[in-house]
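Asks: Next one to model:
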Amino acid sequence: AYNTTGLESDYSEEAFITIPVTNHPPSLILPLQLTAEKETASAIEGVQVNDADGDAEVMHMTMAVDRGTLSFTDVVPGGVAPNQIVGNGSKSLEVTAPLGAINTTLVAPNSLVYLGDRNLVGPDLLQVSVTDNGNEGQAPILSDAKNASITVTGNTQDTWLNAFFNEADLVDPTKETTVY
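Replies: Next comes the predicted model:
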């Protein structure tokens with residue numbers, strides 16, 4: 001040990017310093033407006049999750065639409081694994097995985113795909129939320145949520161059908177020949 005003048009000394013003391021750990025909130029980046037073609041799988045690009053606590057932290061991400069389905073790929077090397085996705089190919093899906101794996105998947109082509117309901121032409125809404133599960137051991141659990149409007153486009157006949165028939169009739173294939 002050395003004393004304050006820099007000379008060697010037999011006297012020493014220990015001092016402990018406690019540095020508080022802070023849990024930082026996650027943040028979502030999401031495009032505000034998306035466009036999809038009727039009955040065509042459309043890639044959703046530009047979604048990203050950030051958290052200053054690091055890429056290894058496990059996040060819980062939910063994504064939902066009202067008038068279609070969402071699919072999240074599970075084949076990207078270093079990305080999200082199949083057992084980390086619940087509800088894939090449905091109106092609502094959940095991903096629980098390390099932040100780095102989520103972002104590795106999101107930047108891959110066609111990693112998040114939207115498919116509107118049968119005969120849908122018009123608006124839908126993508127709702128995305130992410131929680132950090134209280135990473136860094138600090139309460140509370142922090143989260144972020146954002147929405148993106150989806151406009152599903154079609155041809156002139158599609159627009160006419162959606163103007164004059166209700167959605168329940170348009171998504172029912174048994175009514176296609178009798179209603180319109």
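Asks: Using PDB, write out every CA atom in the helix or strand hosting residue 59.
Replies: Using DSSP states H and E, residue 59 sits within strand 58-64. These are the backbone C-alpha positions of strand 58-64, laid out as PDB (Å, rounded to 0.1, in the frame of the first residue of the first chain):
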ATOM      1  CA  VAL A  58     -34.300 -10.100 -22.500                       C
ATOM      2  CA  MET A  59     -37.200  -8.100 -23.800                       C
ATOM      3  CA  HIS A  60     -40.900  -8.900 -24.200                       C
ATOM      4  CA  MET A  61     -42.300  -7.500 -27.500                       C
ATOM      5  CA  THR A  62     -46.000  -7.700 -28.600                       C
ATOM      6  CA  MET A  63     -47.300  -6.800 -32.000                       C
ATOM      7  CA  ALA A  64     -50.900  -6.900 -33.100                       C
END
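Asks: So which elements touch it?
Replies: Using 3 or more CB pairs under 8 Å, 6 or more residues apart in numbering; DSSP states H and E, the elements in contact with strand 58-64 are strand 68-72, strand 92-98, helix 99-106, strand 122-131. In this view, the C-beta of every residue, glycine as well, is placed from N, C-alpha and C.
Asks: and the second one, which strands flank it?
Replies: Which is strand 92-98. Strand 92-98 sits in its sheet next to strand 58-64 (antiparallel), strand 85-86 (antiparallel), going by DSSP bridges.
Asks: list the buried ones in stretch 15-25?
Replies: For stretch 15-25, the neighbour count (16 or more other CB atoms under 10 Å) marks 23, 24, 25 as buried.
Asks: cool, and stretch 61-80?
Replies: Of the residues in stretch 61-80, 61-65, 67-74, 76, 79-80 count as buried by neighbour count, 16+ other CB under 10 Å.
Asks: Brilliant, that's me finished.
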